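# attaching a predicted model along with its sequence, questions to come.
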Amino acid sequence: MIIGNKVYYRSKCYNSLQWAKSKIDSVEDGTIFLADFHEYTKGRQNRIWHFDTEQLIVTIVLKPQILNNDFSSLINYLAMAISLGILNPLKKFNAKLKWPNDFVIERKKIGGMLGEVVWKTKKPLGIIYGFAINVNNKIESNVEFSNKATSLYEILNEKIDKENLYNQVINSIDDFYKKWLNSEFEYIFNNWKKNQFYLGKYITIHKENGRIQKGILDDLLSNGNLILKINSKKKVIPFSVIENFE
């Protein structure tokens, strides 16, 4: 087993992504960083992720030798593989992927993933992935988030064994990471696309520049970009320019 071969634990940390980054020179491929309490957590584009002790929050450092090859074409497949690894144990709750880095049940968010490449002398030293899943936390009483997010507890109306879910997710990530190491990129991409909740649905895209575009999410490309169908025309939209979509 690669993922979780070494685990660093603290009862409290400021930010597990920064903690992992500070150790990346010395840790092995697959090392996990865990803390019971996080002082600061963030999502994509530095948006605040509201921490709750009943969430499952995990940070993983990956340092595969394969990164010495064609890095740019491999990193997209790696993000897909890790997201599939997280998703797989959640599928029994009818969870799906929301491009590019969220997990949803119907249209409500139950988790998210964040990745960061760490560079050294213009070469990738490793990749850090952090993810959070709303497990036993209560969101429905929060008017600001209840229409957009939910937790497994609120869906099932019963508490989830968080340690058991953690073990399932880590084993699943390990399985998909090994598929990536074995260059099973077509398998990874096809499964990633198949598990997208919004594929074929009408969406509203909010861009970073403030502009809004509406259309059908017609397709997803292996480089992570999406194809939006607007009336009879199709337009490729890079994930890097999108702030959010619904």
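Looks like it arrived, so ask away. Small disclaimer: the values here were computed from a predicted structure and weren't measured.

# ok, which stretches of the chain are helices?
16-23, 71-87, 143-146, 152-156, 162-181, 185-194 (DSSP state H).

# just send those back as JSON lines, with distance to Trp119 too.
In this view, the C-beta of every residue, glycine as well, is placed from N, C-alpha and C. Formatted as JSON lines, those follow (distance: least, C-beta to C-beta, whole Å):
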{"stretch": "helix 16-23", "distance to Trp119": "11"}
{"stretch": "helix 71-87", "distance to Trp119": "10"}
{"stretch": "helix 143-146", "distance to Trp119": "34"}
{"stretch": "helix 152-156", "distance to Trp119": "36"}
{"stretch": "helix 162-181", "distance to Trp119": "20"}
{"stretch": "helix 185-194", "distance to Trp119": "23"}
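
# dump those into TSV; add mean pLDDT and mean neighbour count as well.
TSV is the format used below for these (pLDDT from 0 to 100; neighbours: other C-beta atoms under 10 Å):
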stretch	mean pLDDT	mean neighbour count
helix 16-23	91	18
helix 71-87	90	21
helix 143-146	56	11
helix 152-156	93	18
helix 162-181	97	18
helix 185-194	96	16
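
# so what's the residue count around Ala95?
By the criterion of other C-beta atoms under 10 Å, Ala95 has 23 neighbours.

# how many other residues sit next to the nearest residue to Ile216 once chain neighbours are set aside?
Using C-beta to C-beta, 6 or more residues apart in numbering and skipping residues adjacent in sequence, the residue nearest Ile216 is Lys229, 4.3 Å away. For Lys229, the tally of surrounding residues (other C-beta under 10 Å) stands at 15.

# wouldn't Leu62 be in contact with Tyr129 here?
Yes. With contact defined as C-beta atoms under 8 Å, Leu62 reaches Tyr129; the gap is 6.9 Å.

# let me know the pLDDT of the residue nearest to the spatial centre of the chain.
In the chain, the C-alpha nearest the mean C-alpha coordinate belongs to Met113, at 2.4 Å (C-alpha atoms, centre = their mean). With respect to pLDDT, Met113 scores 94.

# show me what the longest strand that the chain contains is packed against.
Taking DSSP state E as the criterion, the chain has its longest strand at strand 108-120. On a contact count with 3 or more C-beta pairs under 8 Å, 6 or more residues apart in numbering; DSSP states H and E, strand 108-120 meets helix 16-23, helix 71-87, strand 102-105, strand 123-133.

# quick one: which of those is nearest Tyr8?
Minimum separation from Tyr8 across the helices and strands packed on strand 108-120 (C-beta to C-beta) falls at helix 16-23, 7.1 Å.

# please export the C-alpha coordinates of that closest one as CSV.
Only the C-alpha atoms of helix 16-23 are listed here, as CSV (Å, rounded to 0.1, in the frame of the first residue of the first chain):
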residue,chain,number,x,y,z
SER,A,16,-2.6,20.8,6.8
LEU,A,17,-1.7,21.8,3.3
GLN,A,18,1.1,24.2,4.6
TRP,A,19,2.1,21.5,7.1
ALA,A,20,2.5,18.9,4.4
LYS,A,21,4.4,21.4,2.2
SER,A,22,6.9,22.1,4.9
LYS,A,23,7.7,18.4,5.1
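
# contacts for it next, please.
Residues outside helix 16-23 that contact it (C-beta atoms under 8 Å, 6 or more residues apart in numbering): 8, 10, 13, 27, 31, 33-35, 38, 42, 57, 59-61, 114, 116, 118, 128, 130.

# among the residues you listed, name the buried ones.
8, 13, 27, 31, 33-35, 38, 42, 57, 59-61, 114, 128, 130 (16 or more other C-beta atoms under 10 Å).

# quick revisit: okay, and the beta partners of the residue nearest to Ile216?
Beta-bridge pairing of Lys229 under DSSP bridges involves Ile216, Lys234.

# do I have it right that it meets Lys214?
No. Assessed by C-beta under 8 Å, Lys229 is found out of contact with Lys214, at 10.4 Å.
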